[in-house]
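Participant: After the sequence you'll find the predicted model.
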Amino acid sequence: MQIRFLRLPQVIERTASSRSTVYASIKSGLLPPPIRLAPQSVGWAEHELNEVLKARFTAKTDDEIRALVKQLIEARSLESAAA
């Protein structure tokens, strides 16, 4: 699977949130954290962000979204171990 990465301006646009809200959502477990792409560059996996937005759209609770984010982060570990 080819992974497409989104930069912060794209994440802000897709979530309709401010920069500070994006990072507050990450801190509270409601958005997956970015992935380091280079020493001074990060990006969000588009498929992860889409999953979270889909959960929001289907009126999942914050606790359900936190569980989803946790699963997405765990899947990263499994994918990187398999690579």
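Facilitator: Ah, there it is. Fair warning: this is a prediction, and the values are worked out from it, not measured in the lab.

Participant: going forward, measure contacts and count neighbours with C-alpha atoms only.
Facilitator: OK.

Participant: For the residue nearest in space to the middle of the chain, what is the enclosing helix or strand?
Facilitator: The centroid of the chain falls nearest to residue 32 when counting by C-alpha atoms, centre = their mean (3.2 Å). Counting by DSSP states H and E, no helix or strand carries residue 32.

Participant: same deal with residue 66?
Facilitator: Short version, using DSSP H and E: residue 66 is in helix 62-82.

Participant: Extract the residue ranges of this structure that are flagged as low pLDDT.
Facilitator: For the chain, the stretches flagged by pLDDT under 70 are 1, 80-83.

Participant: 80 instead?
Facilitator: 1, 78-83 (pLDDT under 80).

Participant: re the thing from before, contacts for the helix holding residue 66, please.
Facilitator: Helix 62-82 is contacted from outside by 29, 30, 31, 32, 48, 52, 55, 56, using C-alpha atoms under 8 Å, 6 or more residues apart in numbering.

Participant: how about the first one, what does it touch?
Facilitator: Think residue 29. Taking C-alpha under 8 Å, 6+ apart as the test, what residue 29 contacts is 65, 66, 69, 70.
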